[in-house]
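S.K.: Fold the following for me, if possible:
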Amino acid sequence: MAAITGVAILVSLTGACSSNDGAPAAPVTPAAISQETLTQLPEATTFGTVTGAPGDPQPGAGATAGKVLHPKQELVVYTAAGGQPIAKLPTIQMGSPTWVPIVAQQNDWAQILLPTRPNASSGWVHLTDGAAETADNDYAVHVDRASFKLEILQGGKSIGQWTIGTGKAQHPTPAGRAYIIASIEETKNTYSPIVLPLSYHSDSLETFGGGPGTVGLHTWPDNSFVGKANSDGCIRVTKDALDQLVKLPLGTIVNIT
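M.R.: Next comes the predicted model:
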């Protein structure tokens, strides 16, 4: 799946904040980092945990300003604009290009959602020239666990809705503003030709199948899951739903309520 198909690549971020007197806020430079500190920072991937990361400022918002970011080189993640370094964002996630949603901007800083534990982690990256590219993404996915419904929206308008399966009572599908982090062509299991891992993890399983307990979107050998809570936390979808989901850009928000 192409990471960003049919969306415009932007040269730089805009939307600088202003000070109280109306003048643009002064640029904030990143804190200096030694090579030793950089080496010790955890990678911001689904396999990692980022201690001290700020939470998603609007975990139930379901949408962003419509921008996603791809690091063209490893980016340091900070607690705030000009804050302390807490992680490194790599260029690749689970074999796919890293694309993360932007949820706030301040001059040449961007607040992004992280794919790590704990769920709903975020951080700030400083965008020097050539460090990253951004793209418009007007897609979003809404998952309603109570009604077992999944809906894809483009520009706020519904383009498809399906009945799904969710996590069982002992391993519930976690709620929040997750996003698609990769597209994996399955070779080990036969239950789904493609799996779309999300940025969220199971709250009840530290590991699953040798992995870090990442929640994903995938199909099932039959439709016995439809309208039921019977998975280990993943969202099971029908084949026609998956056919549409794999067309979405990486970094697309999946708002789970």
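
S.K.: ok, the closest residue in space to Cys234 that isn't next to it in sequence to Val246 distance?
M.R.: Spatial nearest neighbour of Cys234, excluding adjacent residues (Cβ to Cβ, 6 or more residues apart in numbering): Gly216 at 5.0 Å. To be clear about C-beta, it is placed using only N, CA and C from the backbone, and glycine gets the same treatment. Between Gly216 and Val246 the computed distance is 12 Å (Cβ to Cβ, to the nearest Å).

S.K.: tell me, what's touching these two both at once?
M.R.: Leu196 (Cβ atoms under 8 Å, 6 or more residues apart in numbering).

S.K.: Which one's more surrounded, the two?
M.R.: A count of neighbours by other Cβ atoms under 10 Å puts Gly216 above the other of Gly216 and Val246, at 22 against 16.

S.K.: OK, contacts around the more buried one?
M.R.: By Cβ under 8 Å, 6+ apart, the residues touching Gly216 are Val195, Leu196, Pro197, Leu198, Cys234, Ile235.

S.K.: how does it look with 10 Å?
M.R.: Neighbouring residues of Gly216 by Cβ atoms under 10 Å, 6 or more residues apart in numbering: 46, 180-182, 184, 192, 194-198, 200, 231, 233-236.

S.K.: Which helix or which strand is home to it?
M.R.: According to DSSP states H and E, Gly216 maps onto strand 214-218.

S.K.: In its sheet, which strands sit next to that strand, and in what direction?
M.R.: Strand pairing for strand 214-218, using DSSP bridges, gives strand 194-201 (antiparallel), strand 235-236 (parallel).

S.K.: low-confidence ranges in the stretch 51-200 of the chain?
M.R.: Within the stretch 51-200 of the chain, the ranges that satisfy pLDDT under 70 run 62-65.

S.K.: and with 90 instead?
M.R.: The stretch 51-200 of the chain contains residues with pLDDT under 90 at 59-66, 128-129, 186-190.

S.K.: quick one on the thing from earlier: so in terms of bridging, what pairs with the residue nearest to Cys234?
M.R.: Taking DSSP bridges as the rule, Gly216 bridges to Pro197.

S.K.: Use 33 as the first number from now on
M.R.: New numbering, starting at 33: the last item is Gly248.

S.K.: any idea how far Ala261 is from it?
M.R.: 16 Å.

S.K.: Repeat that for Ala214.
M.R.: Ala214 is 25 Å from Ala261, where distance means Cβ to Cβ.

S.K.: Of these two, which one has the most company?
M.R.: Counted by other Cβ under 10 Å, Ala214 and Ala261 do not tie: Ala214 has more neighbours, with 25 against 15.

S.K.: residues contacting that one?
M.R.: With contact set as Cβ under 10 Å, 6+ apart, Ala214 has these partners: 33, 35, 77-78, 124-131, 147, 227-231, 246, 248, 282.

S.K.: what's the answer for Thr160, then?
M.R.: The contact partners of Thr160, by Cβ under 10 Å, 6+ apart, come to Pro62, Gln105, Leu107, Asp140.
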